[in-house]
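*Asks:* Build me a model from this:
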Amino acid sequence: VKQVSEGKVTLASGEEIDASYIVIATDGASASKLTQDLPNRVEAPADRRSLCYYYAIDGAAPVQDPVLLLNGEPLTESKPVNNVAFLSNVQEGLAPRGKSLASVTVVNPSKSEAELEPMVRKHLEEWFGQGEMSKWTLLKSYPISGAQPGQKPPNNFDKDVKLCNGVFCCGDHMDTPTLNGAFRSGVKAANAVASERGMRRKAILDSALQRGAPELLPEDPKF
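*Replies:* Just a heads-up that it's a prediction; the model follows:
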């Protein structure tokens, strides 16, 4: 999809598809590009990047509960870890027998993956101890662009999902930058489409009833 306008979707090939209702369910940057010609264009949020390290652990994880461990201290270059999760605590099949799998996340990394990893390991030694960290082996790291939309105040966590007649947008950039926010904006968009479609159906039905010929309702796709 190249562009979205009222009642029409334009593909990269140039083909145009008529649509009574359009829901844009993409990241914020993509939504901004797709709606660039709409009067109520979606503004592209700031990019909040993350870097995720996966470690194999010999033996059990140092925490057995299926929880997300959050860093409660200010993030610094020497203490970059934002959160840690032991994924094999949630699903045993994610690690071979006798081993565990850890996921470690750094938000808005200031250095490369290779440069940051020793700092990540040193930071984790403060959490779990040197003896524990000697059991951890780095498997792979993944830089993730657009991991979350930016969250610098002032924030609007309740954006209107309706952009214009028949065009709606949902995603974490339209609500709180969380899974819950993404789901909530999706529900709002679905409800908004249902509401608008109901009003159109009512207008068509009222018009037919006023003509005294309800059996002659138009074959309208919006109905």
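*Asks:* Need the residue closest to the centroid of the protein.
*Replies:* D172 (5.0 Å; C-alpha atoms, centre = their mean).
*Asks:* Tell me if I'm right that it and F183 touch.
*Replies:* No: counting by C-beta atoms under 8 Å, D172 stays clear of F183, with 9.1 Å between them. Where you see a C-beta, it was placed from the backbone N, CA and C, and this is true even at glycine.
*Asks:* who touches both of the two?
*Replies:* Common contacts of D172 and F183, defined by C-beta atoms under 8 Å, 6 or more residues apart in numbering, are absent altogether.
*Asks:* Quick check: phi and psi on S5?
*Replies:* In terms of degrees, to the nearest 10, the main-chain angles of S5 are phi -140, psi 170.
*Asks:* quick one, helices of this protein?
*Replies:* 28-34, 87-90, 113-128, 130-133, 179-210 (DSSP state H).
*Asks:* Just name the most buried of those.
*Replies:* Greatest average neighbour count among those goes to helix 28-34 (a mean of 20), per mean count of other C-beta atoms under 10 Å.
*Asks:* for that helix, the distance to its chain's centre please.
*Replies:* Relative to the chain's own centre, helix 28-34 is displaced by 13 Å; criterion: C-alpha atoms, centre = their mean, to the nearest Å.
*Asks:* now do stretch 175-182
*Replies:* 7 Å.
*Asks:* can you tell me which strand in the protein is longest?
*Replies:* Counting by DSSP state E, the longest strand found in the chain is strand 136-149.
*Asks:* Cheers, nothing more for now.
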